[in-house]
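**Q** any chance you can model this:
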Amino acid sequence: MKKLAILITAFVMVFSVQETFAHHHTRNLQTEYHYYDFEYMPGDKGGYTGASDTEITSVLQAKKLGSSVYVKLKGKIVSKLGKETYMFKDNTGTVKIEIDDDNWNGVKAGPKDTVIIEGELEREQGGVIVDVDKIELAD
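**A** Reported below is the predicted structural model:
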C-alpha cells in the first residue's frame with residue numbers, strides 16, 4: 001500500500017509539473033516574450049521616450065568632466081579624422097567624437113549643419129573623446 005501511495009504521489013507531481021510547463025510552451029514564442037513582467041516584441045528597438053534630463057554642455061565644460069560621464073553637446077562636425085572619428089566644434093572649443101556607422105540613424109550632417117550629439121565622454125591618452133550614442137539635426 002505504501003508503494004502505491006508513493007507511486008500515486010509521484011505521478012501527481014510529474015503530471016502537475018508537465019501541466020505547468022505545457023502551458024508555457026503553448027504560447028506563440030515567435031511573437032511574445034515575457035521578462036520580469038515586461039512584454040517584448042522581437043525586432044522592437046524601442047527605448048526611453050521621455051524627456052532627457054541631460055542638459056546641453058559646452059565642449060569646454062565637457063573637457064573638465066571626469067571619464068564615463070554622459071554629455072549632450074550642440075555644435076558642428078567640422079571634419080572627419082578617421083573611419084568613425086570626427087572633430088566636433090562649438091563656440092567654446094573642439095573635441096574628438098566617435099560615431100559608429102549604426103548610430104547615424106539616417107542623419108546626414110556636414111560642416112555647415114548644427115547637430116546635437118549625446119554620448120559618453122572618455123579620457124584617453126592625448127585628450128578626451130565622446131563616444132556618440134545619438135545624433136540629431138538641431139532645430
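**Q** flag the shaky bits of this structure, pLDDT-wise.
**A** In the predicted model, the chain carries pLDDT under 70 at residues 1-54.
**Q** residue ranges for the helices of it, please.
**A** Using DSSP state H, the helices of the chain run over 2-25, 59-64.
**Q** next, the buried residues of the shortest one.
**A** Of the residues in helix 59-64, those buried by neighbour count under the rule 16 or more other CB atoms under 10 Å are Val59, Ala62, Lys63. Heads up, the C-betas are built off the backbone N, CA and C, glycines and all.
**Q** export these to a markdown table and tack on distance to Lys112?
**A** Putting the buried residues of helix 59-64 into a markdown table (distance: CB to CB, whole Å) gives the following:
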| residue | distance to Lys112 |
| --- | --- |
| Val59 | 18 |
| Ala62 | 22 |
| Lys63 | 24 |
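**Q** which residue, other than its chain neighbours, is closest to Asp113?
**A** In this structure, Asp113 finds its nearest non-sequential neighbour in Leu137, 6.2 Å apart by CB to CB, 6 or more residues apart in numbering.
**Q** how about residues contacting stretch 70-79?
**A** 52, 54-59, 62, 65, 86-91, 94-95, 97, 109-121, 130, 138 (CB atoms under 8 Å, 6 or more residues apart in numbering).
**Q** just the CA atoms of that stretch, as PDB, please.
**A** C-alpha atoms of stretch 70-79 as PDB (Å, rounded to 0.1, in the frame of the first residue of the first chain):
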ATOM      1  CA  TYR A  70      27.200  61.200 -20.300                       C
ATOM      2  CA  VAL A  71      27.100  64.500 -22.100                       C
ATOM      3  CA  LYS A  72      24.900  66.300 -24.600                       C
ATOM      4  CA  LEU A  73      26.700  68.800 -27.000                       C
ATOM      5  CA  LYS A  74      25.400  71.200 -29.700                       C
ATOM      6  CA  GLY A  75      27.700  72.300 -32.500                       C
ATOM      7  CA  LYS A  76      29.100  71.200 -35.800                       C
ATOM      8  CA  ILE A  77      31.000  68.200 -37.100                       C
ATOM      9  CA  VAL A  78      33.800  70.100 -38.800                       C
ATOM     10  CA  SER A  79      36.000  67.300 -40.200                       C
END
